[in-house]
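Student: Next input, structure requested:
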Amino acid sequence: MSVEIAAPMSGKIIALLCKVGDQVQCEDELMILEALKMENPIFAPVDGKISEIRTSLGATVESNQVLLIID
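Tutor: Numbers count the residues shown, from 1 in each chain. Below is the predicted model:
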């Protein structure tokens with residue numbers, strides 16, 4: 001079962017802490033989104049493997065945009 005991780009708000013990706021193929025545990029920090037001059041960590045909601053990353057370092061993302069997929 002695939003789980004899509006979406007941006008909780010519009011902002012800029014300032015850190016990517018995972019790559020495709022990484023095994024992650026629930027609550028692992030995956031990336032950091034800067035919004036309103038605050039750093040907002042994006043955490044894994046489930047255990048699994050990163051199958052796709054749909055953003056890049058420095059990218060501006062919109063609220064609810066899919067950032068990555070965990071299988």
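
Student: can we go C-alpha only for contacts and neighbour counts from here?
Tutor: OK.

Student: and residue 34, how far is that from residue 3?
Tutor: 23 Å (Cα to Cα, to the nearest Å).

Student: So for those two, which sits in the more crowded spot?
Tutor: Just comparing residue 34 and residue 3: by other Cα atoms under 10 Å the higher neighbour count belongs to residue 34, 19 against 15.

Student: Cross-check the contact I'm expecting between residue 34 and residue 9.
Tutor: No - the criterion here is Cα atoms under 8 Å, and residue 34 misses it with residue 9 at 9.4 Å.

Student: Give the bridge partners for residue 41, please.
Tutor: Beta bridges link residue 41 to residue 32, judged by DSSP bridges.

Student: correct me, but residue 17 touches residue 28?
Tutor: No - Residue 17 lies out of contact with residue 28 (Cα under 8 Å); the separation is 9.4 Å.

Student: The two: which is more packed in?
Tutor: The neighbour comparison of residue 17 against residue 28 (other Cα under 10 Å) goes to residue 28, with 17 against 11.

Student: Please list all residues in contact with that one.
Tutor: 43-44 (Cα atoms under 8 Å, 6 or more residues apart in numbering).

Student: can you pull the pLDDT of it?
Tutor: At residue 28, the pLDDT value in this model is 98.

Student: From residue 60, how far out is it?
Tutor: Taking Cα to Cα, one finds residue 28 at 22 Å from residue 60.

Student: residues in contact with residue 43?
Tutor: 26-31.

Student: out of the residues you listed, who has the most neighbours?
Tutor: residue 31 (21 neighbours).

Student: so who does the closest residue to it other than its chain neighbours touch?
Tutor: Nearest residue to residue 31 in three dimensions, chain neighbours excluded: residue 16, at 4.5 Å (Cα to Cα, 6 or more residues apart in numbering). Contact partners of residue 16, counting by Cα under 8 Å, 6+ apart, are 30-32, 56-57.
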